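**Q** got a predicted model here, sequence first, then my questions.
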Amino acid sequence: MSRRYDSRTTIFSPEGRLYQVEYAMEAIGNAGTAIGILSKDGVVLVGEKKVTSKLLQTSTSTEKMYKIDDHVACAVAGIMSDANILINTARVQAQRYTYAYQEPMPVEQLVQSLCDTKQGYTQFGGLRPFGVSFLFAGWDKNFGFQLYMSDPSGNYGGWKAAAIGANNQAAQSILKQDYKDDITREEAVQLALKVLSKTMDSTSLTSDKLELAEVFLSPSGKVKYQVCSPETLTKLLVKHGVTQPATDTA
Amino acid sequence: MECVFGLVGNGFAIVVADTSAVHSILVHKSNEDKIMVLDSHKLIAASGEPGDRVQFTEYIQKNVALYQFRNGIPLTTAAAANFTRGELATALRKNPYSVNILLAGYDKETGPSLYYIDYIASLHKVEKGAFGYGSYFSLAMMDRYFHSGMSVEEAIDLVDKCILEIRSRLVVAPPNFVIKIVDKDGAREYAWRESVQDTPAAPVPAPAPTLASPA
């Protein structure tokens, strides 16, 4: 019955649903999980890498985390090629704002602008929606640290903690239980790794299956976006007890 | 012969503009307000082609308001100044606006500021600035008497000195000026300096009765 209404993106079904948008969200449900947590002194983004091959050149590329501007970064879940287009669009929008106003674009405005682009693909043009969800982490002088989640429909919301991708509902419910309002950045890292270890399919976490990035303020007051190096990540995993070192089977 | 000038003081910025609307040799009116309130804490003092002046400043004012409606936060003075400059720059190579602007504003985080934006889209953040023939006199007076962090009284005194110089030394000096101030409490009119006023026509007295009128 619904088959008649799902091949065109820009029409409603009789029940008032946009099937193509929902199918896009299905596609994201198969992608690697990404979790974002807002803390008092920064935002933490953690992502599960799906492509783990020794042959992958990991030093120069990230799979889940991308910097949009000096003060905003994002984690992606979904079709990578779609994500690249949108990330580029977001980067252009951020620079266009700075070109006009000589100031960094407020985070919510950037998210809203990108979501307006995504919405366009659900209403006109006859093109399919983007199969990507984002977690945006950033800082601006109006509202400090912020975390936003957006999906293929072009909806977005501000969150204290959010998850996208595979098992995001399970992750979200653990986050709901364990998140505290005055969490510090270090505790947020710990919580993110813990949640990811519980929701990931694999038995143990190792640094080559994860990406960890943080947005925080340096002592001089500048916004910093830092991706954790594999060595530091391994140490963190051991420290928080979420990894089983291979020798520990005795 | 339009005169616009302004300066930054201790926690405030003042802009002054003449108030004559002139066409060739005719003065249409001498109480034309050329300082627009851009938003609660910003002033635009503009001089130039009358049509362009109103058109452009209203365009900026409406865009500044739109930004605030869309995003729930006002633009900073610096952002508004850069936006204004960008619009002038874009129009410059097609249909330039002949408008010179002094943009004064107060931001909670950074205090008062003044931006000099001329018709070919130069932008300078300044402590004192002026446009027009009057600038020869007002800048000279400000160079002599201005110092950072003046009080409102000192600044108004300097403004009056400038107005006096313009009135006495500029050949077709505008007679009236309006002074507006912006500080933490907002942007508002401060005073007028009028040497020519539109006086209402004196009522013509009824003719006195004469001896020749019939009884």
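**A** That came through fine.

**Q** low-confidence ranges in chain A?
**A** Low-confidence regions of chain A, defined by pLDDT under 70, span residues A:1-7, A:58-60, A:203, A:243-250.

**Q** let's see 90
**A** Low-confidence regions of chain A, defined by pLDDT under 90, span residues A:1-17, A:19, A:50-63, A:121-127, A:200-209, A:229-230, A:238-250.

**Q** quick check: residues of it near chain B?
**A** Along chain A, the residues adjacent to chain B under the rule C-beta under 8 Å from any C-beta of the partner chain are A:99-103, A:106, A:108-109, A:141-142. All C-beta atoms are positioned from the backbone trio N, CA, C, and that covers glycine.

**Q** go with 6 Å
**A** For chain A, the residues in contact with chain B under the definition C-beta under 6 Å from any C-beta of the partner chain are A:100-103, A:109, A:142.

**Q** which ones among the residues you listed map onto helices?
**A** Using DSSP state H, A:100-101, A:109 are the members of the residues of chain A next to chain B that sit in helices.

**Q** if we take these, which one ends up nearest to residue A:125?
**A** If you rank these by distance to residue A:125 using C-beta to C-beta, residue A:109 comes first, at 23.5 Å.

**Q** can you name the residues that contact residue B:30?
**A** For residue B:30, the contacting residues are B:19-20, B:176, B:196, taking C-beta atoms under 6 Å, 6 or more residues apart in numbering or on different chains as the criterion.

**Q** filter those down to just the buried residues.
**A** Buried members of these, scored by 16 or more other C-beta atoms under 10 Å in any protein chain shown, are B:19-20, B:176.

**Q** centre of the chain versus the longest helix seen in chain B, how much separation?
**A** Determined from DSSP H, the single longest helix within chain B is helix B:50-71. Taking the mean of its C-alpha atoms, helix B:50-71 sits 16 Å from the chain's own mean (C-alpha atoms, centre = their mean, to the nearest Å).

**Q** quick one: list the elements packing against that helix.
**A** Contact analysis of helix B:50-71 by 3 or more C-beta pairs under 6 Å, 6 or more residues apart in numbering or on different chains; DSSP states H and E lists strand B:35-39, strand B:42-48, strand B:99-107 as its packing neighbours.

**Q** related to what we said a few turns ago, kindly reformat the residues of chain A next to chain B as a markdown table containing neighbour count.
**A** Output for these, formatted as a markdown table (neighbours: other C-beta atoms under 10 Å in any protein chain shown):
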| residue | neighbour count |
| --- | --- |
| A:100 | 16 |
| A:101 | 19 |
| A:102 | 16 |
| A:103 | 15 |
| A:109 | 19 |
| A:142 | 13 |
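
**Q** list the neighbouring strands of the helix or strand hosting residue A:162 plus their orientation.
**A** When secondary structure is defined by DSSP states H and E, residue A:162 falls within strand A:161-164. Pairing partners of strand A:161-164, with direction, according to DSSP bridges: strand A:34-39 (antiparallel).

**Q** what angle separates the helix or strand following the partner strand from strand A:34-39?
**A** Following the chain from strand A:34-39 toward its C-terminal end, the next helix or strand by DSSP H and E is strand A:42-48. For strand A:42-48 and strand A:34-39, the angle between their directions (axes from the mean of the first three to the mean of the last three C-alpha atoms, to 10 degrees) works out to 160 degrees.

**Q** quick one: residues in contact with strand A:42-48.
**A** Everything outside strand A:42-48 that qualifies as a contact, by C-beta under 6 Å, 6+ apart, is A:32-37, A:64-65, A:75, A:137, A:145, A:147, A:185, A:188-189, A:192, A:196, A:200, A:211-216.

**Q** can you say which of those residues are buried?
**A** Listed as buried from the contacts of strand A:42-48 are A:32-37, A:64-65, A:75, A:137, A:145, A:147, A:185, A:188-189, A:192, A:196, A:200, A:211-216; burial here means 16+ other C-beta under 10 Å.

**Q** nearest residue to residue A:176 in space, please, no chain neighbours.
**A** The spatial neighbour of residue A:176 that comes closest, neighbours along the chain excluded (C-beta to C-beta, 6 or more residues apart in numbering or on different chains), is residue A:161 at 7.8 Å.

**Q** all strands for the chain, in order.
**A** In the absence of a named chain, this looks at chain A. Using DSSP state E, the strands found in chain A span residues A:34-39, A:42-48, A:65-69, A:72-78, A:132-140, A:144-150, A:156-158, A:161-164, A:210-217, A:223-227.

**Q** please refer instead to chain B.
**A** Using DSSP E, the strands of chain B run over residues B:4-8, B:12-18, B:21-23, B:26-29, B:35-39, B:42-48, B:99-107, B:111-117, B:123-126, B:128-131, B:177-183, B:186-193.

**Q** in the third one, what counts as buried?
**A** Buried positions in strand B:21-23, judged by neighbour count with 16+ other C-beta under 10 Å: B:21-22.

**Q** so what strands line up beside it?
**A** Sheet neighbours of strand B:21-23, with direction, are listed as strand B:26-29 (antiparallel) (DSSP bridges).

**Q** pull the distance from the strand it pairs with to the chain's centre.
**A** Strand B:26-29 has its C-alpha centroid displaced from the chain centroid by 18 Å (C-alpha atoms, centre = their mean).

**Q** cool, stretch A:217-234 as well?
**A** Taking mean C-alpha positions (C-alpha atoms, centre = their mean), stretch A:217-234 and its chain are 17 Å apart.

**Q** how far away is residue B:68 from residue A:179?
**A** Separation of residue B:68 from residue A:179 (C-beta to C-beta, to the nearest Å): 33 Å.

**Q** more neighbours, those two?
**A** A direct count of neighbours by other C-beta atoms under 10 Å in any protein chain shown for residue B:68 and residue A:179 places residue A:179 higher, at 18 against 14.

**Q** how far away is the more buried one from chain B?
**A** Shown here: residue A:179 relative to chain B, a distance of 26 Å by C-beta to the nearest C-beta, to the nearest Å.

**Q** for that residue, give me its contacts.
**A** The contact partners of residue A:179, by C-beta under 6 Å, 6+ apart, come to residue A:161.

**Q** can you check the one 10 residues further on too?
**A** If you count contacts by C-beta under 6 Å, 6+ apart, residue A:189 has them with residue A:44.

**Q** so how far is residue A:219 from it?
**A** For residue A:189, the distance to residue A:219 under the criterion C-beta to C-beta works out to 19 Å.
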